[in-house]
Each structure stands twice: as C-alpha cells, then as structure tokens.
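# Let's see this in three dimensions:
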Amino acid sequence: MRRNHHGRPGFPATAVDAAHSPTRSGGPGALLIVSSTSGRPRAGPTVPFPASVVSRDMTARTDAIAERLVQLGFSHYEARTYVGLLVCDEAATGYGISNDTGVPQPKVYETLRKLVERGAAIPVGERPARYAATPPDVLLGALEREFQTRLEAARQGLESLPHLGVADPPLQVSSLSRYEAAAARAEAAIGRARTRVYLHGRADELRPLAEAVTAASQRGVEFVLVHFGPLPFARPRGQVVRHESTEGTLYPARQSRHLAIVVDSEWSLWALARDGERWEGMHGDGALLASLVKTYIRHDLFVQRMYADARELFEARYGPGLLRLGIAAAEPAAEAGEGTTAEDAG
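Residues are numbered from 1 along each chain as shown. I've put the predicted structure just below:
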C-alpha cells in the first residue's frame, strides 16, 4: 500500500493515528488527527481500537466512494482527487493531495484543473495554489441536471430519425427430430408444472409420461387432456376427454402421430410424425407459442364435447366419424399441395 507524506499507509487525505500518550484531548488513547496539508495535529474523539483499523476502514470507504464517481464519468485520478479534497480539513495543495491519494505529482495539477473545469473543485488560494472540494450536494445536483439535459437531447435526436423498418426478433424455439427427445422434454416440463398442463396425443405417445402425469396430479396440478384411444394411465386431476370422433373411421386409417403439451402457459411443445416414423417438432418458453398450442388443444376439446352431446346430429351431417368433415377440410389443403393428419380432420 502506498504511504503518504506522514509515513502512514492509506488513501484518506486526513491521516489518523491513535496516540497512546496524552494529547490535547486529555489522555491516552485519544484519536490524534494530523492534517496532511499543514502538519499540525488536532485532537479527535477517543476510539477503543488501534488507528490501523481506522485507517483500513477509511481506505475501504474512500475507495468505494471514488469508484462510484468513476461510474458517473470521473477518471480514476479525478475521483480520488475529489474524495481526497473532500476529506481534507482545510484547502489542500497539489503536493499534499498527491501524497495523500496516490495520484502522481505530474498528474495531480492537471487533474485539479479538470475538476475545477467541471465544477467539482474550487481554487481558494495562490502561492502555493490551494483547492477545496465543491460540496457533494452541489456537485451531484449539477451532474444530475447535466445528465437530464443529455438524455433529453438524445431522445429528441432519436425521435427525429426516420422510422425505418426494424427486423422482428426471431422466436426463441428449439427443434426436435426424435420422439424420445420430445417425450423427455415433456416429462421434465410436467415435473416442473405448478398449476396446469394441457396435453394432447395418442395412447402410445402419452404412455411414457405416465409417472410424471400421476406425480403432478398428486401435487395438485390440473390437467386439460385430450387422448386418442384408451388412456394409458390413471385419470389425472382436471378435464380428461377421449377423442371419439375419429375412432373406427379416420383414426385407424392414418399413420400420423403427434404430441402437444403446454405447461403453466409458459412452456410448450409440438411434435409430429406425419408418416408415423420421421418426427419433427419444436419447443420453447414464451407465451406466444404456448397460446398457439393451447388453442389447438382447447379447440379439439370443445369439438369432442359437442360430438359427445350431439353425436347423431353431427354424424347425420358429416357421416360416421365425421368423415365428410375431414374430406371437406382436406380439399383446400390438397389444392395447396399440403397433407393432413387424422387429428386435423377430426
């Protein structure tokens, strides 16, 4: 650690010694404060610990304060010099400030000049030149006004620019190419669920999630579940609907497989194997994707409820298993060169 011109370590401009002999304060252990600029001692309050502890504490405090000033735009030399002036008991010379703060003498006068220019220091004497610190409230008030002025100028400048098109940020999602990966992601997400899980899939795709679904239900998580075929695990808490409209008609005729899940309206996954073998999918955090997948599941849930309540009416209009509804839905897709799945049709 650098030593000041009194031979004691530490950054503070006021050197502090705990003298263990009588002083002007009246007895052993009194705090003796020696001015770094005049060299004259003055008495301070009695302290119950050695001066070295006080010195280290003051050094840590002044270093921390100086660092705050650096964050406000001061250079390191300017920050240390200002704090050094502030803790002086009288106007200081450049020589004294250099010794007390560690700012090199070749730099200290230039630093003092810059502080005067920015209103942080005041010249108060000549031969030798002496300086005092601007009171902190005055300095900080000026800095605040200067910042607000610059901020307003920047705002006006930015608002004056022509509004050019800004590229939309990409949706943060991850891709999947295997069912095993999709099932593992879904199982982990159900394990983190707090309130509600939307789930949609065939029995074969739902079966690997049995333990996670049961555990989540036992800890109070609600499920909105639409399943194709028999439910491969115990019925969980919440709304559970079997996808009956495609059973026996469309469903066996298609080989497509899929899995859709939304957890707490924050995370979602959609995975599909159109030919029953090659999987593709995506998953990620975000309310937009979660809302999209949730809407698909809720829509299918509503259709199945209506089918269960008015099965004869629906089949009279669209045929057994709503086959004609599936054909009507497939025609526009076929014209566009797209395929459909059993779930799309039902």
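
# So which residues make contact with stretch 208-218?
183, 186-187, 190-191, 193, 197, 199, 206, 223, 232-234, 236-238 (Cβ atoms under 8 Å, 6 or more residues apart in numbering). The C-beta positions use only the backbone N, C-alpha and C, and glycine is treated the same way.

# Scan the residues you listed and report the most crowded one.
Taking other Cβ atoms under 10 Å to define a neighbour, the member of those with the most is residue 186, carrying 28 neighbours.

# does that residue really touch residue 269, like I thought?
Yes. Counting by Cβ atoms under 8 Å, residue 186 sits close enough to residue 269 to count as a contact (5.7 Å).

# joint contacts of those two?
Counting by Cβ under 8 Å, 6+ apart, the common neighbours of residue 186 and residue 269 are 259, 261.

# Give me the buried positions along stretch 300-309.
Along stretch 300-309, the positions that meet the burial threshold by neighbour count (16 or more other Cβ atoms under 10 Å) are 300, 301, 303, 304, 307.

# Contact partners for the fourth one?
The neighbours of residue 304, taking Cβ under 8 Å, 6+ apart as the test, are 226, 241, 242, 243, 244, 245.

# Poorly predicted segments of the stretch 51-200 of the chain, please.
Segments of the stretch 51-200 of the chain classed as low confidence (criterion: pLDDT under 70) are 51-58, 163-167.

# any idea where the helices of it begin and end?
Secondary structure of the stretch 51-200 of the chain (DSSP state H, counting those that start in this stretch): helices at 51-71, 76-87, 94-101, 105-117, 136-160, 179-192.

# Which elements pack onto the shortest one?
Packing partners of helix 94-101 (3 or more Cβ pairs under 8 Å, 6 or more residues apart in numbering; DSSP states H and E): helix 76-87, helix 105-117.

# Which strands or helices does the first one pack on?
In this case it means helix 76-87. Going by 3+ Cβ pairs under 8 Å, 6+ apart, helix 76-87 lies up against helix 51-71, helix 94-101, helix 105-117, strand 121-125, strand 130-133.

# Show me the buried residues of stretch 300-309 that map onto helices.
When DSSP state H is applied, the buried residues of stretch 300-309 are split such that 300, 301, 303, 304, 307 fall in helices.

# Redo the helices of the stretch 51-200 of the chain as a markdown table? Include distance to residue 218.
A markdown table is the format used below for the helices of the stretch 51-200 of the chain (distance: least, Cβ to Cβ, whole Å):
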| stretch | distance to residue 218 |
| --- | --- |
| helix 51-71 | 51 |
| helix 76-87 | 59 |
| helix 94-101 | 66 |
| helix 105-117 | 68 |
| helix 136-160 | 54 |
| helix 179-192 | 12 |
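
# How much space separates residue 296 from residue 287?
As for residue 296, its distance to residue 287 is 15 Å (criterion: Cβ to Cβ, to the nearest Å).

# Of those two, which one has the most company?
In this comparison of residue 296 against residue 287, neighbours counted by other Cβ under 10 Å, the higher total goes to residue 296 at 19 against 11.

# Give me the domain ranges for the chain.
Recorded structural domains for the chain (assignment: the TED database) are 57-139, 173-323.

# Indicate which one of those is closest to residue 158.
Put simply, out of these the one that sits nearest residue 158 is domain 57-139, at 20.9 Å, with distance taken as Cβ to Cβ.

# quick one: the closest one to chain centroid distance?
Relative to its parent chain, domain 57-139 has a centroid offset of 37 Å by Cα atoms, centre = their mean, to the nearest Å.

# start at 37 instead
Will do, 37 is the new start, and the previous item becomes domain 93-175.

# Select, out of the domains of the chain, the one closest to residue 196.
domain 93-175 (25.3 Å).

# picking up where we left off before, are any of the contacts of residue 340 buried, and which?
Buried members of the contacts of residue 340, scored by 16+ other Cβ under 10 Å, are 262, 277, 278, 279, 281.

# what are the bridge partners for the third one, then?
Listed beta-bridge partners, residue 278: residue 263 (assigned using DSSP bridges).

# how much space between it and residue 346?
Applying Cβ to Cβ, one obtains 16 Å for the distance of residue 278 from residue 346.

# pretty sure residue 242 is in contact with residue 259, am I right?
No. Residue 242 lies out of contact with residue 259 (Cβ under 8 Å); the separation is 11.1 Å.

# Cool, thanks, signing off.
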